[in-house]
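Asks: quick one, what's the 3D model for this:
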Amino acid sequence: MNRVWILLFAGLLAIVIAMNALQSRDAKRRDSERIEPKALLSTDPTRFLTTVEFTPAEPTYVGREVCRECHAENFRLHGNHGHKSTFTTTDDPEIIEMFAGKSYDAGEPYGTYTYHADEEGLFARIPEKFGDQPFRLNYALGSADGAVTLLSLMPDAELGTVAIEHRASWFSDTGELRPTPLENTGPPKTPADFFGLRHEGEVMHKCVYCHTTRGRIVDQKIVDLVPNVNCEKCHGPASEHVRQARAMRVPPKFSVGRDDWDTESEIQLCGDCHRLPVTVSRTKLREYPDELSRFQPVGLLRSKCFVESEGKLKCSTCHNPHETVTAVPKEKHLQNCIDCHLEDSPQHVACPVSPREGCIDCHMPAIELAGLSVSFHDHWIRVHQEE
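Replies: Below is the predicted model of the structure:
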């Protein structure tokens, strides 16, 4: 009997030893496969991750009403600026009121335009030339504060699309139609030439580019249109900036507030539409006709004030880009001159004739251009020789 118990005990002991051996082997295998935290930190993390391509989304346009959330004062100022109304379609009631039911004699060889409106907008006829055949006027460029010129997009066999700038414009000073400034009065070569001056290529696209926040000419339509010169025309698509501004107390600087934004950046931005010397012929740059007063950066860049300012003088030195210039008292503009030309200061050059008065009238006179209802101050700041 004792022998039986001894055999049973020995069998159980053998089983326990075998099971312990198996557990020990499994534990060693698990230990060999386990990655300790310290080892993980010293290992290339890409070994343990599935590679995923990540491309940040391109910022999109949000509209000026969204900008208003944080920039209420600039929004208010922009609402009175000429930039707020630089482009619209001719079904706009204000544009229809300017033209519909009126007539305008463009003289020979063009004839007399009569204007009518339907649900699509404006169109013009020249009864003595083309009878009742209408010419569609698609878009209105300009502002009720100054002048409005009409633009049409037409198919062209060679170029695909051309623009026709209408020969008559509406002017706010009299509320009347007058010749569109700088229109070519040469003989018409096509029926469309009777209605306006033909533009093509870069010039055509620039008309739309500079009068809108966004828009591309595709065939005879403007796609992705955001009319007028709004916040995002100068600052760029703002969706990412808005996301960050809503998510954090102090968002990163955006656009003109960045550390790399300087005088050159600003002049390039403004000059993109207000013109730079590179867009003007050498002959005009040399002769500097009065018409260049329209293109303020061209004059500013040749001014001694700018050249010797070492990058300190820029457009926003004297102008708040959100505020219309007519809302700023003349005394404030004058003070900008005085601040840089202090009397009794060895670092400044003061005017020997009148150090505190007449700066703008003498050194930046207003130039009246034929056919325009507004004048432009010459931004080539200099001593004008008496004629």
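
Asks: residue ranges of the strands in the chain, please?
Replies: 87-89, 103-105, 112-118, 121-125, 135-137, 139-142, 147-156, 160-171, 176-179, 196-199, 212-218, 221-227, 366-368, 375-377 (DSSP state E).

Asks: so which of the ones you listed comes closest to Asp260?
Replies: strand 212-218 (23.3 Å; C-beta to C-beta). Every C-beta, even on glycine, is put in place using the N, C-alpha and C of the backbone.

Asks: what's the offset of that closest one from the middle of its chain?
Replies: Chain-centre distance of strand 212-218: 11 Å, with C-alpha atoms, centre = their mean, to the nearest Å.

Asks: also stretch 310-326?
Replies: The answer for stretch 310-326 is 17 Å, by C-alpha atoms, centre = their mean.

Asks: measure how buried the closest residue to Thr149 other than its chain neighbours is and give me the count.
Replies: Spatial nearest neighbour of Thr149, chain neighbours left out: Ser169 (4.4 Å); criterion: C-beta to C-beta, 6 or more residues apart in numbering. Neighbour count for Ser169, taken as other C-beta atoms under 10 Å: 27.

Asks: retrieve the pLDDT associated with Ser169.
Replies: Note on Ser169: pLDDT of 96.

Asks: residues in contact with it?
Replies: 142, 147-150, 177-181 (C-beta atoms under 8 Å, 6 or more residues apart in numbering).

Asks: same thing with Leu285?
Replies: By C-beta under 8 Å, 6+ apart, the neighbours of Leu285 are 277, 298.

Asks: ditto for the one 5 residues further on
Replies: If you count contacts by C-beta under 8 Å, 6+ apart, Asp290 has them with 367, 369.

Asks: so how far is Pro187 from the residue nearest to the spatial centre of the chain?
Replies: Closest to where the C-alpha atoms of the chain average out (C-alpha atoms, centre = their mean) is Lys233, at 2.4 Å. Per C-beta to C-beta, to the nearest Å, Lys233 is found 38 Å from Pro187.

Asks: and the residue nearest to the centre of the chain, what pLDDT?
Replies: Lys233 is given a pLDDT of 96.

Asks: hang on, it packs against Cys210?
Replies: No - judged on C-beta atoms under 8 Å, Lys233 makes no contact with Cys210 at a distance of 9.1 Å.

Asks: next up, the contacts around the nearest residue to Arg302 once chain neighbours are set aside.
Replies: When the adjacent residues along the chain are set aside, Arg302 lies closest to Trp380, with 5.6 Å between them (C-beta to C-beta, 6+ apart). Contacts for Trp380 were tallied using C-beta under 8 Å, 6+ apart; they are 288, 292, 298-300, 302-303.

Asks: kindly recompute the last result at 6 Å.
Replies: Contacts for Trp380 were tallied using C-beta atoms under 6 Å, 6 or more residues apart in numbering; they are 299, 302-303.

Asks: separation between it and Leu292?
Replies: Trp380 is 8 Å from Leu292, by C-beta to C-beta.

Asks: one step back: among the strands of the chain, which is the most enclosed?
Replies: Neighbour counts (mean count of other C-beta atoms under 10 Å) averaged over each of the strands of the chain peak at strand 139-142, with a mean of 25.

Asks: helices or strands next to that one in the packing?
Replies: strand 87-89, strand 147-156 (3 or more C-beta pairs under 6 Å, 6 or more residues apart in numbering; DSSP states H and E).

Asks: make CSV out of those and add distance to Thr317 and mean pLDDT.
Replies: Formatted as CSV, these follow (distance: least, C-beta to C-beta, whole Å; pLDDT from 0 to 100):
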stretch, distance to Thr317, mean pLDDT
strand 87-89, 28, 96
strand 147-156, 28, 96
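
Asks: take the ones you listed and write them to TSV, including distance to Gly311.
Replies: Below are the helices and strands packed on strand 139-142 laid out as TSV (distance: least, C-beta to C-beta, whole Å):
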stretch	distance to Gly311
strand 87-89	33
strand 147-156	35
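
Asks: can you say which of those strands is nearest to Cys270?
Replies: strand 87-89 (18.3 Å).

Asks: show residues contacting that closest one.
Replies: 139-141, 211-212, 227-228.

Asks: quick one: that strand to chain centroid distance?
Replies: With C-alpha atoms, centre = their mean, you get 16 Å for strand 87-89.

Asks: please look at the residue nearest to the centre of the chain and Thr213 and confirm they touch.
Replies: Yes - with contacts counted by C-beta atoms under 6 Å, Lys233 reaches Thr213, the gap being 4.3 Å.

Asks: do you know how far the nearest residue to His78 once chain neighbours are set aside is from Val229?
Replies: Counting by C-beta to C-beta, 6+ apart, His322 is the residue found nearest to His78 once chain neighbours are left out, at 5.1 Å. His322 sits 11 Å away from Val229, taking C-beta to C-beta as the criterion.

Asks: next, count neighbours for His78.
Replies: The burial count for His78: 23, using other C-beta under 10 Å.

Asks: Asp224 and Glu65: what is the separation?
Replies: 18 Å.

Asks: what do you get for Glu120?
Replies: Distance from Glu120 to Glu65, by C-beta to C-beta: 27 Å.

Asks: for Ile338, give me its contacts.
Replies: With C-beta under 6 Å, 6+ apart, Ile338 has these contacts: Arg356.

Asks: per-residue confidence at it?
Replies: For Ile338, the predicted pLDDT is 91.

Asks: how far does stretch 146-164 sit from the chain's center?
Replies: 21 Å.
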